[in-house]
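In: I'd like to go over a predicted model; first the sequence, then the structure.
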Amino acid sequence: MKHIVLLICLSISIHIEAKDYNVLEYGAKGDGITKDTKAVQKAIDLCTKEGGGKVIIPSGKTVVIGTIYLKDYVTLFIENGATLLGSPNYEDYATDTHKNTYKNETHMDRCLIFAHEAKSFAIDGYGSIDGNGYTKNFNKKEGNGRPMLIRFLNCNDIHLKNINLINPAAWTSAWLYCNEIVVDGIKIISRVNNNGDGLDFDGCTNVRVSNSSFDTSDDSICLQTSRVDKPCKDIVITNCVFTSKWAGMRIGLASRGDFESVTVSNCTFHDIQDSGLKIQMNEGGEMENMVFNNLIMKNVPRPIFMTFCQQRAGVDAPQDMLPMKAMHGFIFSNIIADNSALDKNSAIFITGLPKHYITDIQLNNIQFKVSGGGTKEDANKTNLKEYTLETLGYWWPEFSKVGTLPASGIYARHVNGLSINNFNLQTQNKDRRQPIVFSDVLNSSVQNIFLNRKPTNSTELKSN
């Protein structure tokens, strides 16, 4: 009998469903005009208090809010055809939502959706979160700031799935020191204001991003470390599509902590104005063990752009530069890049600093089309600026500081341990530059190089 009672109890518990909390039942109007912040927060607070469930933004409704706070065991579920719309009034955004971690950007401190030390929560559904971030609403020149769409601080076990994130006034999302993150099937469109990053993971661990698309006015995905004690590691990004006004994916810049164990695979990048993979170590951390595989790029000026230098990026970083550590262990394989429609400033660019080498890099199985057009003067260029503080001042290590490279395909300097195998370069127009040029590159191996389908002897490649 005891066993029968136990089985009945188990059966009942298995069929108990989490409760739904429709925001209309808590006072929301959903008319696209009334500010429903209090009603939405009331539903969230009750949901977490009663053990969790879904807070529903119902289909066909536009619910206007200022800052809301997500909490334990809550799924914010935005139904297909529903919109959670940010208020156009800057004063509706709270001041207790932490801050933006980059220097000189306090105008981006506020946000629409915030969570602090929350666990096991989600944003889901096929609807949209619209930041309403047009410059007519949010413009720092008017003194009213530009709130981010989402910021999560010290949270654990987060799911962001099947949602459209559109029109933020600043970054779409900032994930600060979070663990166990799954992002799947989302779409980000961030073009109505400046600095519109997509997903920024700062000091995060165990991150999986898949099956998503990005159209952003700044870096689509960014990995960074604003704290020495918070590494960014165990990151997997796959099956995504990127287009951006700046970088498809940036790793570093803010880099006080370490980066380790990152894989990016099966992605396409197109119509990006700066770089496909932008990897930059600046603030004293160590970066190691990263694999980039099965990537296709079109109209991406620098498919790979790597810099090792010193630069202060974070608002909490010390004024004095920390000692440079290491940047090592990178594999780039199976990449097709077509930049034949761009100008001559299209190349793979990898650079350390004198006595501070990037080490252990492999470039394997790369097909690269470029427009060509490099002149004899370009080919003989040797006075390329270094990414030192003396050269940069206190600003980012951008390509514009160096300009046209003396190579049409790959330019590498201050690298120790560089292997290039199966590199096929095609130029649309005559180019006087060598396909590959090294400067202060130690322990290199170059094999199976083709220029316009003809094998090129590695001993003919230029070092300057």
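Out: Now that the structure is in, tell me what you want to look at.
In: same for whichever strand or helix holds residue 207, what does it pack against?
Out: Under the criterion of DSSP states H and E, residue 207 resides in strand 205-210. Secondary-structure packing of strand 205-210 (3 or more Cβ pairs under 8 Å, 6 or more residues apart in numbering; DSSP states H and E): strand 179-184, strand 232-238. All C-beta spots, glycine's among them, are computed from the backbone N, C-alpha and C.
In: Wait, residue 156 touches residue 177, no?
Out: No: Residue 156 is beyond contact range of residue 177, at 10.0 Å (criterion: Cβ atoms under 8 Å).
In: ok, back up a step: run the angle between the strand holding residue 207 and strand 232-238 for me.
Out: Between strand 205-210 and strand 232-238, the angle formed by their directions is 10 degrees, by axes from the mean of the first three to the mean of the last three Cα atoms, to 10 degrees.
In: Using a markdown table, lay out the helices and strands packed on strand 205-210 together with mean neighbour count, distance to residue 21 and mean pLDDT.
Out: Output for the helices and strands packed on strand 205-210, formatted as a markdown table (neighbours: other Cβ atoms under 10 Å; distance: least, Cβ to Cβ, whole Å; pLDDT from 0 to 100):
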| stretch | mean neighbour count | distance to residue 21 | mean pLDDT |
| --- | --- | --- | --- |
| strand 179-184 | 19 | 23 | 99 |
| strand 232-238 | 20 | 33 | 98 |
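In: nearest to residue 379, of the ones you listed?
Out: strand 232-238 (36.4 Å; Cβ to Cβ).
In: and the longest strand for the protein?
Out: strand 407-427 (DSSP state E).
In: returning to that earlier point: what are the C-alpha coordinates of the strand holding residue 207, in PDB please?
Out: What follows is strand 205-210, C-alpha atoms only, in PDB (Å, rounded to 0.1, in the frame of the first residue of the first chain):
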ATOM      1  CA  THR A 205      32.100  30.900 -18.300                       C
ATOM      2  CA  ASN A 206      30.400  28.000 -19.900                       C
ATOM      3  CA  VAL A 207      28.700  29.900 -22.700                       C
ATOM      4  CA  ARG A 208      27.000  28.300 -25.700                       C
ATOM      5  CA  VAL A 209      25.700  30.500 -28.500                       C
ATOM      6  CA  SER A 210      24.100  28.800 -31.600                       C
END
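In: next structured bit after it?
Out: strand 213-216.
In: Run me through the strand neighbours of that next one, direction for each.
Out: With DSSP bridges as the test, strand 213-216 is paired with strand 187-190 (parallel), strand 241-244 (parallel).
In: What lies in contact with the last one?
Out: The one in question is strand 241-244. Strand 241-244 has contacts (Cβ atoms under 8 Å, 6 or more residues apart in numbering) with 212-221, 248-249, 267-274, 276.
In: Which entries within the residues you listed meet the buried criterion?
Out: 212-221, 248-249, 267-270, 272, 274, 276 (16 or more other Cβ atoms under 10 Å).
In: Can you pull out the low-pLDDT segments for the protein?
Out: 1-17, 394, 458-462, 464 (pLDDT under 70).
In: As a check, name the ranges of all helices in it.
Out: 2-14, 37-49, 376-379, 389-392 (DSSP state H).
In: For the third one, buried residues please.
Out: Taking 16+ other Cβ under 10 Å as the basis for neighbour counts, the residues of helix 376-379 that come out buried are 378, 379.
In: Mind exporting the C-alpha coordinates of it to CSV?
Out: What follows is helix 376-379, C-alpha atoms only, in CSV (Å, rounded to 0.1, in the frame of the first residue of the first chain):
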residue,chain,number,x,y,z
LYS,A,376,55.3,49.1,-55.9
GLU,A,377,55.3,51.7,-53.1
ASP,A,378,52.9,49.6,-51.1
ALA,A,379,55.1,46.5,-51.6
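In: Tell me which residues are up against it.
Out: Residues contacting helix 376-379 (Cβ under 8 Å, 6+ apart): 344, 404, 405, 406, 432, 433, 434, 462.
In: I'd say the first one and residue 374 touch.
Out: Yes: using Cβ under 8 Å, residue 344 and residue 374 qualify as a contacting pair, with a distance of 5.2 Å.
In: Common neighbours of these two, please.
Out: 404, 408, 431.
In: Name whatever forms a beta bridge with the spatially most central residue of the chain.
Out: Nearest residue to the geometric centre of the chain (Cα atoms, centre = their mean): residue 221, 1.4 Å. With DSSP bridges applied, residue 221 shows beta-bridge pairing to residue 199, residue 249.
In: Pretty sure it sits against residue 213.
Out: No: the criterion here is Cβ under 8 Å, and residue 221 misses it with residue 213 at 11.6 Å.
In: Spit out the residues that contact those two alike.
Out: Counting by Cβ under 8 Å, 6+ apart, the residues touching both residue 221 and residue 213 are 240, 242.
In: Now do the buried residues in stretch 393-411.
Out: 397, 398, 399, 402, 404, 405, 406, 407, 408, 409, 410, 411.
In: cool, and stretch 150-160?
Out: Neighbour-count burial for stretch 150-160 flags 150, 151, 152, 153, 154, 155, 156, 157, 158, 159, 160 (criterion: 16+ other Cβ under 10 Å).
In: Turn these into a markdown table, columns for distance to residue 300.
Out: Listed next are the buried residues of stretch 150-160 as a markdown table, based on distance: Cβ to Cβ, whole Å:
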| residue | distance to residue 300 |
| --- | --- |
| 150 | 27 |
| 151 | 29 |
| 152 | 30 |
| 153 | 33 |
| 154 | 35 |
| 155 | 33 |
| 156 | 35 |
| 157 | 34 |
| 158 | 30 |
| 159 | 30 |
| 160 | 26 |
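In: which one of the residues you listed sits closest to residue 95?
Out: residue 151 (12.6 Å).
In: Report the contact partners of the closest one.
Out: Taking Cβ under 8 Å, 6+ apart, we find residue 151 in contact with 97, 98, 111, 113, 114, 115, 173, 174, 175, 176.
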